[in-house]
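Colleague: sequence and predicted structure are below.
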Amino acid sequence: MNKTAAAESEKKLLQVRRGSWVEQFPYLYVLPATLMFVGLVAYPILWVICESFRGANGKDFAGLDQYVRALSDPVFWRVLRNMFYWGTITIPLQMILGGSIAYLIERHTSKSRTFFRVMFFLPVVTSVSVVSIVWAQMYAPYYGIVQQYLRYIGVQLTIAPLGDPNTAIFALILVNIWQWTGFSMIMYIAGINNIPSELFDAALIDGAHGWNLVLRIVVPLLSPVTRSLLLLGVIGTLQTFPIVHLMTGGGPDHASEIFGTYIFKQGFVIGDFGYSSALSVLVLFLALGLSLLQITVLGSRLGPQTRRSASVLSPN
Amino acid sequence: MKKRITLAFLLTTQLFLSGGNAEAQPKNQITVWSWFIASTMAKSIKAFQEKNPGLEVKYTYYNYSPEYITALKAAAASNSLPDIIGLQPGSLTQQYREQLAALNSHADREWGADWQSKIFPVNLKQMAMGNPPGDASFYILPQESQILVIWYNKEIFKKLNLQVPKTYKDLVIACNKLTGGGFIPLYQGAADGWQNENVFLMLANQLASGVVDEAQNGKSPWTSPPLVKAMQAWANLFKDGVFQQGALGAHAYPTGAQLFAQGRVGMMALGSWWMQESKFPPPLSPFVQNMNGYDFFYFPALEEGGKSSPPVGGIDIGYGMTKNGEKNPDAWKFLASLVRGEGLQQALNDLNDLPATSDFEPQGDVTPNIKEMYRRFMADLPHAENQRFLSPQISEELDSVLGGVAAGSVTPEDGLKRVQAVTDKALSKK
């Protein structure tokens, strides 16, 4: 195609575009996304907020009664305590373990790298139902899988971690860490691979080895990944549901109750949608507050290095 | 070109909508949701469709929790419930009462005015459970009944020279021997609220028949002596080694049922539905085949010279017709089939559970051993005590308290006070 023909073709295309109704109403470009946001995000949130002002029968206006009820409900405070344990134990441990595994795999393996990546990532893609059944059997003190092996050396387990109110939540936290450490690992692997190899070479020439290399080079350069994991970890903690629902149902006697299971029971089992909506709104504000706090404290603007790292982490 | 594209689009749409077969006659569709086992429901649907060739039943199976109850809630909120839904009496039915059609007049027309006389008394009671005062309508019709019992493995008992326990003392001795013999004594999936409720109901009704019913209806307090004693007896089951160690973290299904079927468990508190294991696809363990390895007894007397627990049970599963379903003239036909027709017969033939009425029994390939068990269950059903709760708040609180008492974090008295407080609240809302 010669230049004149190309110019004419472009001119025609422009004319068509200018004449189109989308060009005349440019906001139509954002209409699909806006409709999806309103329908799938904004409307449900508004609906839940409205429901939270209703009484237990779901009809009468109850003002802030459901919120007052939540604050005087001892189970609510137990849930909050459990969520605190969950977040403060799970998030840092998953990051430390995931980061360590990622570093060892990326820096100290070559041929077996893919094998280890897959093995450690496997629990992330395993069905929660399977994970819960296997771990419940592992924890069982009398007939469990672990017990079968311990029997060979004459050890009889006498504690039932899931059945003891003092240990149930920690037993669940352990399962969660086991399942999700692979996710932290894969994020850190992406981050490590994004660190320019020249930096490692320079650090080695300058005499940085072992812990020195890790603490002064790798950890600071992985801070954007750490921030992302922290944010995802907090949101993930507040969204936790299936593992607890399947393994303990929040019991015994609410000892391992978390927001997900408690809201589910109040809304879907008991049918008190007003109270479950109020609890959901409280979780929403908690998540919002914690996210804002993190963005404020840890910085919301990504630096050039961060941007590069983020682009690596982005699925597209 | 534009015209051709439009024509092609219309033709494709037409083909898609007609299923690619211009001769196919549209069938009237009946939509059904439930947690009822899909393979058995498929047999019921097949039998129904053979009898009603112009009708099509679209069944959607859900796991009971959380899938089914979540789906129901969402569909009720958006007024998109199917024609027929699986229900349990009491709390689940009451949650959807406003979306359900009263079934009395449909039943009268279908089966005559005396149809209620064929339904076992405990089922009849449960059908109206939780209705507001003055509302005599039935929003659920029962398909199957159940009775709660202690099943035991006859082969293990024989091997260890054990007798069916007559008293609690005998039970503890049997459990010690089972544990010593390397077996799980009485497997309890105490992480499941329903299994704890079932055992507690056995204990409470042994000490005073109908005491739980009275308490949940506000006619006697939850802190009455028989219930405190029952709660103490419940705690003792854990302390005395009747239940396996770690029972509070264990589930009845699938773990417990698998271990019981494999012959690693001496006893398990289940119900008449355990017989269906013998109809599952092979390979089956020799214990499960024709139920050759099992028999059942009622919970032994807690006190010397006392009586064992009475039969406790009621509706296993029932169905309701939604107000959407009432607009579909064919929905009732399938509901009637499931409750007292070829649909029910298929479920019984699969030994899914006991019928809700006295005039049905399983047919086909049923061994004399199972027939005899069936006969015993059916003989006990007319005297069964109520198993169901009228309010989900009460059953949820009782579940929590049973867990707390078993773990030793709540005393029986304090736990029952909590249940009383929730009952007062639930009854005041009615």
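Modeller: Thanks, I have the structure now.

Colleague: now the strand or helix carrying A:A278, how far from the centre of its chain.
Modeller: Here A:A278 sits within helix A:273-298, counting by DSSP states H and E. Put simply, helix A:273-298 sits 15 Å off its chain's centre (Cα atoms, centre = their mean, to the nearest Å).

Colleague: list the buried residues of that helix.
Modeller: By neighbour count, with 16 or more other Cβ atoms under 10 Å in any protein chain shown as the criterion, the buried positions of helix A:273-298 are A:273-283, A:287, A:290, A:294. The C-beta positions use only the backbone N, C-alpha and C, and glycine is treated the same way.

Colleague: make CSV from the residues you listed and add pLDDT and distance to chain B to it.
Modeller: Listed next are the buried residues of helix A:273-298 as CSV, based on pLDDT from 0 to 100; distance: Cβ to the nearest Cβ, whole Å:
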residue, pLDDT, distance to chain B
A:F273, 88, 8
A:G274, 92, 12
A:Y275, 94, 11
A:S276, 94, 10
A:S277, 94, 12
A:A278, 96, 16
A:L279, 96, 15
A:S280, 96, 14
A:V281, 96, 17
A:L282, 95, 20
A:V283, 94, 17
A:A287, 90, 21
A:L290, 90, 26
A:Q294, 84, 30
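
Colleague: tell me which element the residue lying closest to A:Y142 once chain neighbours are set aside is part of?
Modeller: Sequence neighbours aside, B:Q245 is the residue nearest to A:Y142 in space, at 4.4 Å (criterion: Cβ to Cβ, 6 or more residues apart in numbering or on different chains). Assigned by DSSP H and E, B:Q245 belongs to no helix or strand.

Colleague: next one: A:G250
Modeller: Using DSSP H and E, A:G250 sits within no helix or strand.

Colleague: so which residues on chain A come close to chain B?
Modeller: A:56-57, A:133, A:136-137, A:139-144, A:157-165, A:168, A:171, A:245, A:247-249, A:251-255, A:264-265, A:267-272 (Cβ under 8 Å from any Cβ of the partner chain).

Colleague: can I get stretch A:121-130 in CSV, CA atoms only?
Modeller: Output in CSV follows, covering the C-alpha atoms of stretch A:121-130 (Å, rounded to 0.1, in the frame of the first residue of the first chain):
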residue,chain,number,x,y,z
PHE,A,121,3.0,-24.7,45.5
LEU,A,122,0.9,-27.9,45.4
PRO,A,123,-1.0,-27.2,48.7
VAL,A,124,-2.2,-23.8,47.3
VAL,A,125,-4.0,-25.5,44.4
THR,A,126,-5.2,-28.5,46.5
SER,A,127,-8.9,-28.5,47.4
VAL,A,128,-9.6,-27.1,50.9
SER,A,129,-11.9,-30.1,51.5
VAL,A,130,-9.1,-32.5,50.9
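
Colleague: how far does it sit from the chain's center?
Modeller: Worked out by Cα atoms, centre = their mean, stretch A:121-130 lies 15 Å from the chain centre.

Colleague: follow-up on the earlier one: ok, the residue nearest to A:Y142 touching A:Q147?
Modeller: No - counting by Cβ atoms under 8 Å, B:Q245 does not reach A:Q147; the two are 9.5 Å apart.

Colleague: out of those two, which sits in the busier spot?
Modeller: Taking neighbours as other Cβ atoms under 10 Å in any protein chain shown, B:Q245 and A:Q147 compare with B:Q245 leading, 24 against 19.

Colleague: tell me, what's the model's pLDDT at that one?
Modeller: If you check B:Q245, the pLDDT there is 87.

Colleague: before we move on, what about A:T306?
Modeller: 48.

Colleague: would you map the helices across the stretch 51-200 of chain A?
Modeller: A:65-71, A:74-108, A:113-125, A:128-139, A:145-152, A:168-194, A:197-205 (DSSP state H, counting those that start in this stretch).

Colleague: mean confidence (pLDDT) on the longest one, please.
Modeller: To tie it back to what came earlier, the one meant is helix A:74-108. Mean predicted confidence for helix A:74-108 is 95.

Colleague: got it, and the first one?
Modeller: Summarised as a single mean, pLDDT over helix A:65-71 is 94.

Colleague: list the buried ones in it?
Modeller: A:D65, A:Q66, A:Y67, A:R69, A:A70.

Colleague: quick one: the third one and A:F273, what's the gap?
Modeller: In other words, A:Y67. A:Y67 is 15 Å from A:F273, where distance means Cβ to Cβ, to the nearest Å.

Colleague: count of neighbours near B:E144?
Modeller: When counting by other Cβ under 10 Å, one arrives at 23 neighbours for B:E144.

Colleague: same check on B:E361?
Modeller: Residues lying near B:E361 (other Cβ under 10 Å) number 15.

Colleague: for the residue nearest to A:Y142, grab phi and psi.
Modeller: Backbone geometry at B:Q245, expressed as degrees, to the nearest 10, gives phi -60, psi 140.

Colleague: in contact with it, which residues?
Modeller: B:Q245 makes contact with A:P141, A:Y142, A:L157, A:T158, A:A160, according to Cβ atoms under 8 Å, 6 or more residues apart in numbering or on different chains.

Colleague: chain B: which of those residues is nearest?
Modeller: A:A160 (3.1 Å; Cβ to the nearest Cβ).

Colleague: next up, the contacts around that closest one.
Modeller: Counting by Cβ under 8 Å, 6+ apart, A:A160 makes contact with A:Y139, A:A140, A:P141, B:Q245, B:G246, B:A247, B:L248, B:G249.

Colleague: the same query, at a cut-off of 7 Å, please.
Modeller: Neighbour list for A:A160: A:Y139, A:P141, B:Q245, B:G246, B:L248, B:G249 [criterion: Cβ atoms under 7 Å, 6 or more residues apart in numbering or on different chains].

Colleague: what sits closest to it if chain neighbours are left out?
Modeller: B:G246 (3.1 Å).

Colleague: isn't the one you found up against A:Y142?
Modeller: Yes - using Cβ atoms under 7 Å, B:G246 is in contact with A:Y142, at 5.8 Å.
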